[in-house]
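> any chance you can model this:
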Amino acid sequence: MKLIRASLCAAVLVAGLSPLAAQEISAGARRTTLTVSGEGTASAVPDTATLSSGVVSEGKTAREALDANSSAVAAVIEAIKAAGIEPRDISTSGFSVQPSYAPPKKDSNDAPRIVGYQVSNGVTVRVRDLSKLGDLLDQLVTKGANQIGGIAFDIAEPGKLEDEARVAAVKDARHQAEIIAEASGVRLVRVVSIAADGGARPMVRQFAAAPALMKADSVPVEAGETTLRAGVTITYEIEPR
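This is a model prediction of the structure:
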């Protein structure tokens, strides 16, 4: 009796709605869905690189350390410009002045004693022509840079590569849905919803030799390959075959 009473109540509720609303509820109650996730990748050889370099100088006074550092950094920046790097791609990335302390004597309670100063000045460089990278690294060290950070390779215009990864992700999701539907004895009716898993993002790169970017008289450089990954989740309406 409870089941019959509940069915009658539902029927009365649907009857009291507009024809369109009643149709939507009825269709929603019958709809069966399948949700799958797809992943796609797209790869390309990087065409830009960003590196950080700098000079650390020491002196008995802060003034002495600063003068030595300023002279060395000026030479480094001049070398960067001489390598064909535009001013817009050169920026100061860090500057500090710090005291240097003498090591404490054993079993001593004396306060640390300043014995000099250390000045550090960093420069970040974006290289748009990778054929210049090896020579640039060599010149940086030659002109006085004693700190060089990691080199980050990138794609200057990643839009096309991102689109390729997204298309591949949708195709992968569709392929999985078709396999599952075929094995389950159902067919895909239409797409109910699509959700992208954020923007395309870099994966761990696969490094490969790039002979065109290396010269015998410069620092060997390997650009490798940059891979972007994209993900998508798609829900399909399904029905029996």
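> okay, CA-based contacts and neighbour counts for the rest of this
Fine.
> could I get the full set of helices for the chain?
Along the chain, counting by DSSP state H, helices occupy 2-16, 19-30, 62-82, 133-142, 159-184.
> lowest average confidence across these, which one?
Out of the helices of the chain, helix 2-16 stands lowest, with a mean of 37 (criterion: mean pLDDT).
> break this protein into its domains for me.
Taking automatic domain parsing as the reference, the chain has its domains at 30-45+158-240, 48-154.
> what sits closest to Glu64 if chain neighbours are left out?
Residue nearest to Glu64 in three dimensions, not counting chain neighbours: Glu58, with 7.8 Å by C-alpha to C-alpha, 6 or more residues apart in numbering.
> so what's that neighbour bridging to?
The partner list for Glu58 in beta bridges (DSSP bridges) reads Gln118.
> count of neighbours near it?
22 (other C-alpha atoms under 10 Å).
> comparing the domains of the chain, which yields the minimum mean pLDDT?
domain 30-45+158-240 (a mean of 83).
> distance check, the residue nearest to Glu64 against Ser96.
Separation of Glu58 from Ser96 (C-alpha to C-alpha, to the nearest Å): 12 Å.
> where do the contact lists of those two overlap?
Common contacts of Glu58 and Ser96 (C-alpha atoms under 8 Å, 6 or more residues apart in numbering): Val119.
> tell me how far the residue nearest to Glu64 lies from Arg166.
From Glu58 to Arg166 the distance is 52 Å (C-alpha to C-alpha).
> surely Ala168 is in contact with Thr41?
Yes. When contacts are counted by C-alpha atoms under 8 Å, Ala168 is listed as touching Thr41 (6.7 Å).
> okay, now the nearest residue to Ser43 once chain neighbours are set aside: neighbour count?
Ranked by C-alpha to C-alpha, 6+ apart and with sequence neighbours excluded, the top spatial neighbour of Ser43 is Thr227, at 4.2 Å. By other C-alpha under 10 Å, the residues close to Thr227 number 23.
> and if you look at Ser184?
11.
> same question for Thr41.
22.
> equivalent analysis for the one 10 residues further on, please.
Using other C-alpha under 10 Å as the criterion, Leu51 is surrounded by 17 other residues.
> from Ser91, how far off is the closest residue to Leu66 other than its chain neighbours?
Spatial nearest neighbour of Leu66, excluding adjacent residues (C-alpha to C-alpha, 6+ apart): Val119 at 5.9 Å. Val119 sits 17 Å away from Ser91, taking C-alpha to C-alpha as the criterion.
> who's more crowded, these two?
Using other C-alpha under 10 Å, the more surrounded residue of Val119 and Ser91 is Val119, with 23 against 14.
> for the more buried one, give me its contacts.
With contact set as C-alpha under 8 Å, 6+ apart, Val119 has these partners: 56-58, 62, 65-66, 69, 95-98.
> any chance of those residues in TSV, with distance to Ile194 too?
Formatted as TSV, these follow (distance: C-alpha to C-alpha, whole Å):
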residue	distance to Ile194
Val56	53
Ser57	56
Glu58	59
Ala62	60
Ala65	60
Leu66	58
Asn69	56
Phe95	48
Ser96	50
Val97	53
Gln98	54
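> what subset of the residues you listed is buried?
Buried subset of the contacts of Val119 (neighbour count, 16 or more other C-alpha atoms under 10 Å): 56-58, 62, 65-66, 69, 97.
> residues touching the closest residue to Pro103 other than its chain neighbours, list them.
Nearest residue to Pro103 in three dimensions, chain neighbours excluded: Pro112, at 7.6 Å (C-alpha to C-alpha, 6+ apart). Residues in contact with Pro112 (C-alpha under 8 Å, 6+ apart) are 101-104.
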